[in-house]
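S.K.: Need the 3D shape of this:
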Amino acid sequence: MNIFYKLKLYKHLTIFIFFTIIFNSAIQAQENYTEQVKGNDYKLPMQFIKAGEFKMGSPKSEKGHFGDEGPQHKVTIDGFWMGKYEITWDLYNLFVTRELDKNQVLKGPDSEVNMDVDGVSGATTPYVEMSFGMGTDNYPAICMTQLAAVKFCEWLSAMTGRFYRLPTEAEWEYACRAGSETAFSFGDDSSQLDEYAWYANNSNDKYQQVGTKKSNEWGLHDMHGNVAEWTLDQYIPTAYRQRRAGVSNPLSEGEKVYPKVVRGGSWMSNPNRLRSAARRPSSKKWKKRDPQIPKSIWWHTDAPFVGFRVVRPLITPTEEEQKKYWKYESSLQKMK
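M.R.: The predicted structure follows:
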């Protein structure tokens, strides 16, 4: 074997090894993983959701269809991770009390965020016990405002070094559908809801521990029912009419505090509200019984049906984009 042939072979072998490493790294990066805040035993499983295209909204022929769910339109979504479960009190209370802030991970070359947890605004301790006696051990956190949910994501990002945020409305529906085009992720037959969801017919008038019902095809639990879930989007009834088909990663932005989009239905909802396409606007009435003046920017006393889950995009946004997702400090006054 002459020297030139050996060099050529070595070159091809080096290229092959390089691309094999890159390919394997990409595959590994897209695996499910478990997040954990240092100093606490609670684990947050994250499911990887592959990029893809789906039909957003529902047809007029779907039982329970509302006008704000149409017209159906194709949407392309980038890959992301989503919490396997809704955020529970076990983790949310660490954000409220801030007792583990000293355990923030050290920044390194792989960190997706560059911030100190001390700079993250925190929710005030509520004036009433916000679980209302329904349970806190592995039960979904409830009654937070969208701002509080957003700031939890910022806090979790600072604590772990990974970028977290609320899902967009499109990401939420894409993940809920899990490849389906039916009213629910499992089909059109609402009589099967008992297998997948806690809702008005079976919840015994309270939320339930997360993950106790069947998951959808992508491994996500309680996308239908248990607690309704915050998204990033401003609620615009005619939003879908304003979109072109094939739009990528849509987000209905807006500075108004109300209404924002809540998805999934809850333990208080009827089957129609649990459909994959069903949308619900938030309301000022969710603070009706709050006696504070001004009313809290962190808690919705009259929304024991609202919680959230987090996502982490495969493509990490820039520092400026991260601040936008977290409604940075300049927007706090607008939230009052």
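S.K.: Regarding stretch 72-83, how distant is the last residue from the first?
M.R.: Stretch 72-83 has an end-to-end distance of 26 Å (CA to CA, to the nearest Å).
S.K.: With stretch 139-154 instead?
M.R.: 22 Å.
S.K.: Kindly report the same for stretch 135-148.
M.R.: 20 Å.
S.K.: same deal with stretch 151-171?
M.R.: OK, stretch 151-171 end separation, CA to CA: 19 Å.
S.K.: Show me where the stretch 1-150 of the chain has its strands.
M.R.: 33-36, 43-49, 52-56, 73-77, 80-83 (DSSP state E, counting those that start in this stretch).
S.K.: quick check: angle from the second one to strand 73-77?
M.R.: Relative orientation of strand 43-49 versus strand 73-77 (axes from the mean of the first three to the mean of the last three CA atoms, to 10 degrees): 120 degrees.
S.K.: Mean neighbour count, the strands of the stretch 1-150 of the chain: which tops it?
M.R.: Of all the strands of the stretch 1-150 of the chain, strand 80-83 carries the top mean neighbour count, a mean of 23, counting by mean count of other CB atoms under 10 Å. All C-beta atoms are positioned from the backbone trio N, CA, C, and that covers glycine.
S.K.: Show me the strands paired with that strand, marking each as parallel or antiparallel.
M.R.: The pairing partners recorded for strand 80-83 under DSSP bridges are strand 43-49 (antiparallel), strand 311-313 (antiparallel).
S.K.: and those as CSV, adding distance to N201 and mean pLDDT?
M.R.: CSV is the format used below for the strands paired with strand 80-83 (distance: least, CB to CB, whole Å; pLDDT from 0 to 100):
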stretch, distance to N201, mean pLDDT
strand 43-49, 27, 97
strand 311-313, 29, 98
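S.K.: so can I have CSV of the ones you listed showing distance to E86?
M.R.: Output for the strands paired with strand 80-83, formatted as CSV (distance: least, CB to CB, whole Å):
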stretch, distance to E86
strand 43-49, 11
strand 311-313, 13
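S.K.: contacting residues around Q146?
M.R.: L166, W230, K260, S282 (CB atoms under 8 Å, 6 or more residues apart in numbering).
S.K.: Just to be sure, which of these are found in helices?
M.R.: Counting by DSSP state H, no part of those is found in helices.
S.K.: Format the strands of the stretch 1-150 of the chain as JSON lines; extra columns: distance to E217.
M.R.: Putting the strands of the stretch 1-150 of the chain into JSON lines (distance: least, CB to CB, whole Å) gives the following:
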{"stretch": "strand 33-36", "distance to E217": "20"}
{"stretch": "strand 43-49", "distance to E217": "11"}
{"stretch": "strand 52-56", "distance to E217": "13"}
{"stretch": "strand 73-77", "distance to E217": "16"}
{"stretch": "strand 80-83", "distance to E217": "13"}
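S.K.: tell me the secondary structure for Q322?
M.R.: helix (DSSP: H, G, I helix; E, B strand; the rest coil).
S.K.: for the stretch 51-200 of the chain, which spans come out with low pLDDT?
M.R.: Within the stretch 51-200 of the chain, no range satisfies pLDDT under 70.
S.K.: Can you show me the helices along it?
M.R.: Ranges of helices within the stretch 51-200 of the chain are 89-97, 146-160, 169-177, 193-196, based on DSSP state H, counting those that start in this stretch.
S.K.: In a markdown table: the ones you listed, plus distance to Q47.
M.R.: Converted to a markdown table, the helices of the stretch 51-200 of the chain look like this (distance: least, CB to CB, whole Å):
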| stretch | distance to Q47 |
| --- | --- |
| helix 89-97 | 17 |
| helix 146-160 | 16 |
| helix 169-177 | 8 |
| helix 193-196 | 16 |
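S.K.: Quick check: which of these is nearest to E129?
M.R.: Closest to E129 of the helices of the stretch 51-200 of the chain, according to CB to CB: helix 89-97, at 10.6 Å.
S.K.: Between its first and last residues, how far does stretch 35-45 reach?
M.R.: Start-to-end, stretch 35-45 (CA to CA) is 6 Å.
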